[in-house]
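S.K.: What follows is a predicted protein model with its sequence.
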Amino acid sequence: MSIYLDEKNPGKHKPFDDAAPDIVEYVRYLEVIAGKSANTAFSYYCDLRGFSRFMKRRRGLVPEDSEMKDIDPKGLDTAFWASVTKEDIYEYLYFLNRECGNKKSSTARRLASLHGFYDYLVNQVNRLDADPTAAIHPPKQDKVLPKYLTAEQSMELLESTQTQSDFPERDYCMVTLFLNCGMRLAELVGMNLDDIDLENRQIRLFGKGHKERMVYLNDACMEALRLYLGKRNTMEGLLPQEKAVFITRRRKERISNRRVEQLVTGAMKAAGLKGFSTHKLRHTAATLMYQTGNVDILTLKQLLGHSNVSTTQIYTHLQEFQVRAAIEENPLGKVKKPKASSRILDTTEKETGETAEDSAPDEELSAVPMKAFEGAAQDGIGLDSSVLAMKPDANAGNGNS
């Protein structure tokens, strides 16, 4: 994890100063003026430091055989950025693809970092006259559907949090919120006690760019929160001023992003689920709500905290059974072939002795109704609270958290 970002305080970080002055000032502009999150600012910062290292080697400012990670990204001034050409940018994109093995999405983000940086230098602070990235477009992205868990796999994951954790109430609650609310990892880790309103069944979240939104709680979330908060608030040694919702058992402080990822990965492994990350739980919540909860795309956009509906549209993919059901619901899907008559020209080849009247249409296939899991939109994905209450309080688990 980065030495800059503070995992326990996702909105904070150490000063960004290990780069050229123009880059440092640009990142501060992103956070203070443009209102970008610490995570976004850090990503752009890393991208621009990487470009600085590439350009130093390309221009011969360091030995040709220097490892990229060993090149000091500092020491480049505004005149240097003015000397960068379109050819330099293309060579950088080629380097990312061929030598670094970047996916198209990663390459596009690094190009976006350069676009933003040069737009800042040209249009915001007027330090440069020309933008070498202006006419360069990102690579065409592959349209890959988001990977998500089925409802059955989600239930298996919830069950595994009860057997693979030293703090099952906490881990079950976190996974329940991921699966039902579609919140981001940083949003869950950054939650404070005063963000929860159990009386009105809602949680206040702060998403990307410090955008605030309210997420409503279904029955599964309410039950999971009550069980966990009952344990959390009676923990011995917990300081009254600790405001984080999710805390570690040993240190009694806000849990980190990395620790949540470790816990979720462990629970997934125990449930036999491979190839899924913590962020896939957000995909799961969005997909299940769209497919089975009768949620329209604009409502889903608001719930997920997306700025643009085009981002939300990746969740509108349909499962095979939905496509099949749509075809079966076509009003023309039950129309039978009319019998031959004197007014119909029948050009069908018939075997000897067979007439058009003898050629009966196939028996009509009745559509099998596709059931969504009942009550999912209202009750949410969760386990029976009586089962959870019976689970022993396992203090000796698989690692301190």
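M.R.: Everything's here; your move. Every value quoted in this text rests on a predicted model; they were computed, and no experiment measured them.
S.K.: Let me know the secondary structure of Phe64.
M.R.: Wrong residue type there; residue 64 is Glu, not Phe. coil (DSSP: H, G, I helix; E, B strand; the rest coil).
S.K.: Please name the residues that touch it.
M.R.: Arg57 (C-beta atoms under 8 Å, 6 or more residues apart in numbering). (Each C-beta comes from the backbone N, C-alpha and C, glycine too.)
S.K.: how close does it sit to Lys103?
M.R.: 27 Å (C-beta to C-beta, to the nearest Å).
S.K.: What is the burial count for Arg258?
M.R.: Neighbour count of Arg258, defined by other C-beta atoms under 10 Å: 12.
S.K.: That one should be in a strand, yeah?
M.R.: No. Secondary structure of Arg258 (three-state DSSP): helix, not part of a strand.
S.K.: Quick check: which element contains the residue nearest to Lys231 when sequence neighbours are not counted?
M.R.: Closest residue in space to Lys231, ignoring its immediate chain neighbours: Glu169 at 4.7 Å, by C-beta to C-beta, 6 or more residues apart in numbering. Counting by DSSP states H and E, the element that carries Glu169 is helix 168-181.
S.K.: Residues contacting the helix or strand just after that helix, please?
M.R.: Using DSSP H and E, the next helix or strand after helix 168-181 towards the C-terminus is helix 185-189. Outside helix 185-189, the residues that touch it by C-beta under 8 Å, 6+ apart are 7-8, 10, 37, 39, 174, 177-178, 205-207, 246, 254-257, 260-261, 278-279, 305.
S.K.: from those residues, which ones fall inside strands?
M.R.: Here DSSP state E is the test, and the contacts of helix 185-189 give 205-206 as lying in strands.
S.K.: the strands in the stretch 101-250 of the chain, which residues?
M.R.: 196-197, 202-206, 212-216 (DSSP state E, counting those that start in this stretch).
S.K.: need the ones you listed in TSV with mean pLDDT, can you?
M.R.: Output for those, formatted as TSV (pLDDT from 0 to 100):
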stretch	mean pLDDT
strand 196-197	94
strand 202-206	89
strand 212-216	86
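S.K.: can you tell which of those strands is closest to Tyr26?
M.R.: Nearest of these to Tyr26, taken as C-beta to C-beta: strand 202-206 at 23.4 Å.
S.K.: residues in contact with the closest one?
M.R.: With contacts defined as C-beta under 8 Å, 6+ apart, strand 202-206 is touched by 11, 177, 181, 183, 187, 190-191, 195-197, 212-217, 305.
S.K.: List the buried residues in the lengthiest helix in the chain.
M.R.: Identified as the longest helix of the chain according to DSSP state H is helix 38-58. For helix 38-58, the neighbour count (16 or more other C-beta atoms under 10 Å) marks 38-57 as buried.
S.K.: That one - contacts with which helices or strands?
M.R.: helix 21-32, helix 86-98, helix 104-119 (3 or more C-beta pairs under 8 Å, 6 or more residues apart in numbering; DSSP states H and E).
S.K.: Let's have the ones you listed in a markdown table, adding mean neighbour count, mean pLDDT and distance to Leu383.
M.R.: Shown next, in a markdown table, are the helices and strands packed on helix 38-58 (neighbours: other C-beta atoms under 10 Å; pLDDT from 0 to 100; distance: least, C-beta to C-beta, whole Å):
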| stretch | mean neighbour count | mean pLDDT | distance to Leu383 |
| --- | --- | --- | --- |
| helix 21-32 | 19 | 93 | 41 |
| helix 86-98 | 15 | 94 | 44 |
| helix 104-119 | 18 | 94 | 35 |
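S.K.: Would you format those helices as a markdown table with distance to Pro139 included?
M.R.: Output for those, formatted as a markdown table (distance: least, C-beta to C-beta, whole Å):
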| stretch | distance to Pro139 |
| --- | --- |
| helix 21-32 | 24 |
| helix 86-98 | 8 |
| helix 104-119 | 5 |
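S.K.: low-scoring stretches of the stretch 301-401 of the chain, by residue?
M.R.: Along the stretch 301-401 of the chain, segments meeting pLDDT under 70 span 302, 305-379, 385-401.
S.K.: can you check the stretch 51-200 of the chain too?
M.R.: For the stretch 51-200 of the chain, residues meeting the criterion pLDDT under 70 lie at 142-146.
S.K.: Would you check how far apart the spatially most central residue of the chain and Arg184 are?
M.R.: Nearest residue to the geometric centre of the chain (C-alpha atoms, centre = their mean): His279, 4.4 Å. Plainly put, His279 is 8 Å away from Arg184 if you go by C-beta to C-beta.
S.K.: Also Ala38?
M.R.: Separation of Ala38 from Arg184 (C-beta to C-beta) stands at 13 Å.
S.K.: cool, and Arg204?
M.R.: Look at Arg204 and Arg184: by C-beta to C-beta, they are 14 Å apart.
S.K.: Quick check: chain neighbours aside, which residue is closest to Leu383?
M.R.: Closest residue to Leu383 apart from its sequence neighbours, by C-beta to C-beta, 6+ apart: Leu158 at 5.4 Å.
S.K.: My read is that the residue nearest to Lys231 contacts Thr234, right?
M.R.: No. Using C-beta atoms under 8 Å, Glu169 and Thr234 do not qualify as a contacting pair, with a distance of 11.2 Å.
S.K.: neighbour-wise, which of the two wins?
M.R.: Glu169 (23 against 8).
S.K.: any idea how far that one is from Arg98?
M.R.: Distance, Glu169 to Arg98, using C-beta to C-beta: 49 Å.
S.K.: ends of stretch 29-39, how far apart?
M.R.: The straight-line separation of the ends of stretch 29-39 (C-alpha to C-alpha, to the nearest Å) is 14 Å.
S.K.: what's the answer for stretch 96-115, then?
M.R.: First-to-last distance for stretch 96-115 - C-alpha to C-alpha - comes to 16 Å.
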